[in-house]
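Peer 1: My questions are about this predicted structure, shown below with the sequence.
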Amino acid sequence: AACPPSLKVCAQYLARAQELQARDPAVAYYCKSYAAEVGLNSLKPGDDEGTKWLTGLMDDLEKEKAAVAGLSPEDGRDQVNNYAMLLFAKGDEKERQSLGDKVTIQLFFAAVTLMEVTKQFGPLDPAVADKQKYAKWKIAAIKKCLDQGVPYVSDAAADAGGFDPTSGPESGGGAPLSPEPPPPLP
């Protein structure tokens with residue numbers, strides 16, 4: 001069942017789980033598990049609809065536990081992280097070729113979501129956190145170009161400058177950005 005409006009913060013993790021269920025049931029399980037964790041942390045007292053939905057999700061997780069049988073938490077983190085890095089690499093390759101389109105945004109967004117999922121195993125590794133920030137930055141830059149109807153030009157193609165995770169979007173190449181967070185995908 002779809003998550004209730006009060007727990008819409010869980011939707012992106014469930015969407016990834018649904019996409020990955022057939023290809024990688026373990027990664028899908030961890031996406032659902034993280035959705036449950038986020039949902040529990042977001043649940044407001046007296047939210048009966050949210051409580052009922054989370055109970056159903058936790059029942060589903062219990063039934064699907066076989067997908068992660070034999071995996072240590074470290075193995076689980078590595079499996080989710082490897083999938084995130086695969087998607088990130090595909091998005092990065094497209095971006096560096098100045099192929100700033102919806103597919104590139106979706107690849108980066110899926111990678112960012114999976115990087116978030118690994119937080120259930122502990123804090124993000126600094127290198128992963130930098131890639132997550134880079135992907136969010138690229139999502140916003142590409143989305144802005146698409147919204148404005150202008151061609152996206154990769155920093156790599158424009159000036160071979162690269163990304164500095166300590167700087168804001170305005171200091172890099174590509175389209176200038178506002179300091180707003182990346183928009184949600186449709």
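Peer 2: Looks like it arrived, so ask away.
Peer 1: Which strand or helix spans the residue nearest the centre of the chain?
Peer 2: Nearest to the geometric centre of the chain sits residue 113, at 1.5 Å (Cα atoms, centre = their mean). Applying DSSP states H and E as the criterion places residue 113 in helix 102-117.
Peer 1: Remind me what that helix packs against, helices and strands.
Peer 2: helix 11-20, helix 25-42, helix 73-96, helix 126-148 (3 or more Cβ pairs under 8 Å, 6 or more residues apart in numbering; DSSP states H and E). All C-beta spots, glycine's among them, are computed from the backbone N, C-alpha and C.
Peer 1: what's the second one packed up against?
Peer 2: Using 3+ Cβ pairs under 8 Å, 6+ apart as the contact criterion, the elements in contact with helix 25-42 are helix 11-20, helix 48-63, helix 73-96, helix 102-117.
Peer 1: Can you list the buried residues in the helix holding residue 113?
Peer 2: Of the residues in helix 102-117, 104-105, 107-117 count as buried by neighbour count, 16 or more other Cβ atoms under 10 Å.
Peer 1: that older thread, would you turn the helices and strands packed on helix 25-42 into a markdown table with mean pLDDT?
Peer 2: Output for those, formatted as a markdown table (pLDDT from 0 to 100):
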| stretch | mean pLDDT |
| --- | --- |
| helix 11-20 | 95 |
| helix 48-63 | 95 |
| helix 73-96 | 96 |
| helix 102-117 | 97 |
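Peer 1: Hmm, the residue nearest to the centre of the chain is touching residue 12, no?
Peer 2: Yes: using Cβ atoms under 8 Å, residue 113 is in contact with residue 12, at 5.2 Å.
Peer 1: picking up where we left off before, and of the helices and strands packed on helix 102-117, who's closest to residue 66?
Peer 2: Smallest distance to residue 66 across the helices and strands packed on helix 102-117 (Cβ to Cβ): 8.5 Å, for helix 25-42.
Peer 1: okay, the angle between that closest one and helix 11-20?
Peer 2: Computed by axes from the mean of the first three to the mean of the last three Cα atoms, to 10 degrees, the angle separating helix 25-42 from helix 11-20 equals 170 degrees.
Peer 1: Just the mean pLDDT for helix 25-42, thanks.
Peer 2: Across helix 25-42, the average pLDDT comes to 96.
Peer 1: Now do the SS call for residue 2.
Peer 2: Following DSSP: H, G, I helix; E, B strand; the rest coil, residue 2 is assigned to coil.
Peer 1: which of the helices and strands packed on helix 25-42 is buried the deepest?
Peer 2: Among these, helix 102-117 has the highest mean neighbour count (mean count of other Cβ atoms under 10 Å), at a mean of 22.
Peer 1: Report the inter-axis angle for that one versus helix 126-148.
Peer 2: With the same axes, to 10 degrees as the basis, helix 102-117 and helix 126-148 are set at 150 degrees to each other.
Peer 1: That'll do, ta.
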